[in-house]
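A.B. asks: Have a look at this prediction, sequence included:
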Amino acid sequence: MDESAITGESAPVIRESGGDRSAVTGGTLVLSDRIVVEITQRPGESFIDRMIGLVEGANRQKTPNEVALNILLASLTIVFLLAVVSLQPLAIFSRAQQPGIPDNAALDADGVTGIVLAALVVCLIPTTIGALLSAIGIAGMDRLVQRNVLAMSGRAVEAAGDVDTLLLDKTGTITLGNREAWAFIPVGGVDERALADAAQLSSLADETPEGRSIVVFAKTTYGLRERTAGELPTATFVPFTAQTRMSGVDLATPGLRGGGRQIRKGSASAVLAWVRESGGSAPPDTDHVVDGISASGGTPLVVAEVLTAGAADGGRTARVLGVVQLRDIVKAGMRERFDEMRSMGIRTIMITGDNPLTARTIAEEAGVDDFLAEATPQDKLDLIRREQAGGRLVAMTGDGTNDAPALAQADVGVAMNTGTSAAKEAGNMVDLDSNPTKLIEIVEIGKQLLITRGALTTFSIANDVAKYFAIIPALFAAVYPGLDTFNLMRLHSPQSAILSAVVFNALVIIALIPLALRGVRYTPGNAMAMLRRNLCVYGLGGLVVPFVGIKLIDLVVQFLPGIR
Amino acid sequence: MNTTTAGVVFAASLAVALGLTYRPFGDYLARVYTSERHLRAEKMTYRLVGVDPDTDQRWSIHLRAVLAFSCVSALFLYVFLRLQGRLPFNLGFDGMAPGQAFNTAASFVTNTNWQSYAGESTLGYLAQMAGLAVQNFASAAVGISVAIALVRGFSRSHTDRLGNFWVDLVRTVVRVLLPISVIGAVVLVAGGVVQNFHGVRTVSTIVGGGQAITGGPVASQEIIKELGTNGGGFYNANSAHPFENPTVWTNWLQIYLLLAIPFALPRAFGKMVGDTRQGLAIVSVMAVLAITGVFLVNGFQLAHHGTVPTAVGAATEGVETRFGVSGSATFAAATTLTSTGAVNSAHDSYTSLGGAVLLLNMMLGEIAPGGAGSGLYGMLVVAVLAVFVGGLMIGRTPEYLGKKIAAREVKFAALYILTTPALALGVTAVAMALPGERANMLNSGAHGLSEVLYAATSVANNNGSAFAGLTANTAWWNTVLGISMLLARFLPVVFVLGLAGSLARQRTAPVSSGTLPTHRPLFVGLVTGVAFVVVALTYFPAIALGPFAEGLH
Amino acid sequence: MIVMASPRLPGPVRQLLAALRMLLVLTVLVGVAYPLAVTAIAQLPGLRHRADGSLVRAADGTVVGSSRIGQPFTDAAGRPIPTYFQPRPSAAGAGYDPTATSASNLGPEDVVDMFDDPATPGDESRRSLLTTVCGRSRAVGQLEGVDGRRPYCTPGGVGAVLAVFHRDPGFAGPVVRVVSVNERCPAQPFVATYEGVRVECATPGGDYAAGQRVLVPGPGRGRDNPVPPDAVTASGSGLDPDISPAYAYLQVNRVAGARGLTPATVRRLVEDHVRGRALGFLGEPRVNVVELNLALDRLGTG
């Protein structure tokens, strides 16, 4: 199937009936064969529909935080309406105190003129943030989409910013997908190079990542060239089976019928049994090495060989060559990432099916705060519930059907697009790249969304202070000359002052649109530093900017015809 | 020592005294409201009243108890005042007129103590002590009980219970107000405050004229007037009266007392939520605003700008010699900052800008430190709003003390913040639009507007002090201000208890380094800024046309 | 009176009854028992005198007032009696009336007087605070023989306030008319001309609101005026028993002269009665006029 319409990834993917990979998404192309599809989604609610809806913001429901902010803005609007409406009787009274002052365009015997009153209301009510609120929300979604993440609701994006606990699968997220060869440890006095050579030989046909890593490791560490199958015409490769639990190669000695060398690598118990069967025995230090590797969180693969002199004498020598240490490789930069998370107040928990010993080692190496070893789906669910009972918000990723309950329970559940439809239904986001590390980016986008909202609200409200300083003296300095003290900006005239304030009010919305869309810069760090910075920039900035802005506009506006 | 230095030392000594008692008094208050034990006298009271002290109330039940008690109190007081003529110890005064009785009952039940009557020419001793003074205790205790319920909303997790109103009420009276009052009243008597039942005694003065020397159980009422941040004076002149506030040190003591509970409650709050740093942050916001207020009033009064003060050479109009300009300015700042409303000088005669600061003090919403109880809950509501804005800016759904500030919490907080300006500006606007009501202004021009604005603001913040030139004993003013007081007190109480209920229901989220720290100086600055900006934006036009128009030249 | 709760009553009614009982219990406790207890304690020796109002007696033993409550030292016509130290002006009733305590409540910019217009019924006259202050300062200055002129005051002792009318709106253009609003015709205005225009006196009922208000500072001093501030301003209660030491010293010569005592004797008496700031920083230095005048009487008889 070509799922590039959804994922942007043009490489075809395989879908087959039954099992975890049976779901197809609308808008994908069948490249080969044919499929029979049962449509379970109702018209207009398909994945594509939802995606379009979210991006367009058509049916966008307000998130709880947006609702709260709207309540705050509504009450501020009421306060300002009150301040303006109640101003009128006071203005009429004040005007009557100075019968010697002629009426002007802003203030006459009937009080403040309608147009100026309207201008005052428009300037004061939080129009800026009100207008930008939707844009901020949609832009947040959009940033997710740009990172190939589809959020099922804005609520999930917001929750992402709040996440306290991050559940991360070990494999693929914290560590590279697979274990890699890390060391060759010979036993029984075998030469290290001989072990490396045997290990490489046994893995030449092994296409598993572990096998590849052994070949590569032998090459990079011992300079052993990777031989191709053609160079070894007599080789017969023995693949891994669940029964034998080992793989290897049989090398026939040319000219010696029935003679040759068999090399096997595999789990300790299987390989040792094979050696014993072949008449050999393990050197006493084998068990010690195997246990040592297991204890340190690695996986031991025992390499052994059986040499057959020939069919004639039937002499066989079996011996254990050594142990390949496989271990998880933590992705580069993970520790820094987790340190960052910690400073943001987010606790990371590694989920793994490994035993606690292995899990601890990886956890320590990667720098996660905690781990859940030998995790069953029920364990995951329990962990999430436990965290939530402590008042924490939990985010996790998952792809399998067995992850679905946990994904549904988590506050932010990111399903991999390669995952099952059950997982995708259960989660509230889908990562089209199927990259579990992206959870971290999602958290940052969620935070950025909230920060942008808070920053623009603060900015917008702080703006009003300057507008008062422009409009109140403009209105009343004629009646009470003392009020000209508040004309800090020394604006040209009452008319130009009011006009400048209104123009500034309109311009500032336009000026802030890019910021609303782009989002306020977010650098992970502790809350205190972030608050200080944002308060300085958007709080104090919100106080100061309009003073400068209105003054500058006034310098221009005063030359307009008709402005005194 | 010159006047300015003495004034600074005077204010500083109060700050030091409040600082010294902050901890012990706050800790004591926290113990009062967390103790499991009932005193014998309390148990007896519960039995007499017929309430079970060990039931925990949901917020709606708590609210109903508050409203039931206040409603009964108001009706009782109204009837008491109306029937004064038929009750003993009335000094020959008749019952109050209906409008004034309604206004007075509303005023004392709401802890406002706005007085449209003059004590010495309206009320007898029984009405003062068994009517008004009872509400001085009760209304303060109601305010504190509501504040404690809100604190429990923060400190409790996953419950719908906020404590028992009756228990908090009784404990406030029995363990806090009454003991301090008994001791304090005796101390005041030692300072020269009268405490007798002599009635009016007419004497022949030194030069042979007649003078009617008044008496009354003043000390017992004076002390709770300050301690409970009530402010209703026994006499019309209130704390300027030599029988209410005879000496410079009783003046100091009265200022201290009216600040004592509001400034100690944040400590109790910190103690009860298990983090005294939180209390320290709240009290710091209060202190910053209060010190600014005290400093500005003193500054403007001592600088005596304005025509008459310049002609006089000092802002001494309406100021008692013994207190001086500074001792009066500090009292005035304290009384307007605490919703007390007692006065030891005539605010109406203050310099325009000094008067403007008094107005602004009240417009802050009585949170710095505000009334007994109401100051704490008002400040916590402002803190909730500050957390909401600040919390967003660190990229999280805002949390305060582990409680999420979401739509429901913001709704209650916003409604709370809306109530007072709506009443203050609404009443001012309507009064200024009605020529008849305007005519009650003593002063003309901008100062007249200030009188009306001050009255409306004072009442809408349950303060009770006045630019006393306004003749407020008319049917319109008595009714409108009475209704305004009731709404200004009980609507916020509804919202605060609703907020408390909604907070208590939440689980307490653990603190992490990603949480907004609410005990740091930056947060103190943020809350101060939010309080100030909200006030500035709400009231700037009105205050510009009142005291600023008058005082700026 | 105490009604026990009946479980059959509906919840709200039960709550109201509980509220009523709670109020009654509180009324008995803090409304009756508490003030009575405090009154009882106040009967202790040392407290009783103060609880009763700190009454003072003349040499003959008759009660003549309270040391805490100021009293007037004026004759039947309201003129100061020169043999006594004068207290501050009072806004309590007709002056120092404890049954009508009050301040003037006039604002700092209250500068324009109202005159009674004979053409209309009722008396609309009202003296502004500025004129009141100017008048008091002038009177005290005359009584004590010092220069009591203050800023913004006319030599006649009213507020020096002009209403200046311009030809053009917005107080623009040349001045066309000037009225001294606090000087009622046929008074001679305190300045003859203003910007070349003759200053008129004010007629009752005249409306000068449209004029620009101009305050004329004049030669008088505010700060450091020989007549101290407390002598020209009313107190907050109207019962202030104290005056500043400066005002007391100002009156020494007059009182000594009227009593036939040496100024030094009277001055020493004043010095004995000056109370400084308590603890060095509480309040202001002051002299209790009631006690001072009583002591003066004792001095005279003794």
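C.D. replies: Looks like it arrived, so ask away.
A.B. asks: in the lengthiest helix in chain A, what counts as buried?
C.D. replies: Ranked by residue count, the top helix of chain A under DSSP state H comes out as helix A:438-476. Neighbour counts using 16 or more other Cβ atoms under 10 Å in any protein chain shown place A:438-476 of helix A:438-476 among the buried residues. C-beta coordinates here come from the backbone N, C-alpha and C atoms, glycine included.
A.B. asks: Show me the domain layout of chain C.
C.D. replies: C:11-52, C:55-103+C:235-302, C:105-233 (automatic domain parsing).
A.B. asks: near chain A, which residues of the stretch 151-300 of chain C?
C.D. replies: The stretch 151-300 of chain C has residues C:F165, C:H166, C:P169, C:G170, C:F171, C:A209, C:A210, C:G211, C:Q212 near chain A, with proximity defined as Cβ under 8 Å from any Cβ of the partner chain.
A.B. asks: Out of those residues, which end up buried?
C.D. replies: C:F165, C:H166, C:F171, C:A209, C:G211, C:Q212.
A.B. asks: Please identify which of those residues is nearest to chain A.
C.D. replies: Nearest to chain A among those, counting by Cβ to the nearest Cβ, is C:A209 at 5.3 Å.
A.B. asks: Can you list phi and psi of that closest one for me?
C.D. replies: phi -60, psi -30 (degrees, to the nearest 10).
A.B. asks: how much space is there between the residue nearest to B:A475 when sequence neighbours are not counted and B:V389?
C.D. replies: Closest residue to B:A475 apart from its sequence neighbours, by Cβ to Cβ, 6 or more residues apart in numbering or on different chains: B:G99 at 4.9 Å. Look at B:G99 and B:V389: by Cβ to Cβ, to the nearest Å, they are 43 Å apart.
A.B. asks: who's more crowded, these two?
C.D. replies: B:V389 (24 against 17; other Cβ atoms under 10 Å in any protein chain shown).
A.B. asks: sorry, back to before: would you agree the residue nearest to B:A475 falls within a helix?
C.D. replies: Yes - according to DSSP: H, G, I helix; E, B strand; the rest coil, B:G99 belongs to a helix.
A.B. asks: quick one on the thing from earlier: the residues of the stretch 151-300 of chain C next to chain A in strands, which ones?
C.D. replies: Using DSSP state E to define strands, the subset of these located there is C:F165, C:H166, C:Q212.
A.B. asks: Could you export the residues you listed as CSV, including pLDDT?
C.D. replies: Conversion of those to CSV gives the following (pLDDT from 0 to 100):
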residue, pLDDT
C:F165, 95
C:H166, 93
C:Q212, 92
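A.B. asks: can you put the residues you listed in JSON lines and add distance to chain B?
C.D. replies: Output for these, formatted as JSON lines (distance: Cβ to the nearest Cβ, whole Å):
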{"residue": "C:F165", "distance to chain B": "18"}
{"residue": "C:H166", "distance to chain B": "19"}
{"residue": "C:Q212", "distance to chain B": "13"}
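A.B. asks: ok, so of those, who is nearest B:F300?
C.D. replies: Distances from B:F300 to these, taken as Cβ to Cβ, are shortest for C:Q212 (26.0 Å).
A.B. asks: mind listing the strands for the stretch 51-200 of chain A?
C.D. replies: A:107-108, A:111-112, A:149-151, A:165-169, A:175-186 (DSSP state E, counting those that start in this stretch).
A.B. asks: typed the wrong thing, it's chain C
C.D. replies: So, for chain C - with DSSP E - the strands run C:55-57, C:63-66, C:161-168, C:172-184, C:193-194, C:197-202, C:212-215, C:242-243, C:274-275, C:286-288.
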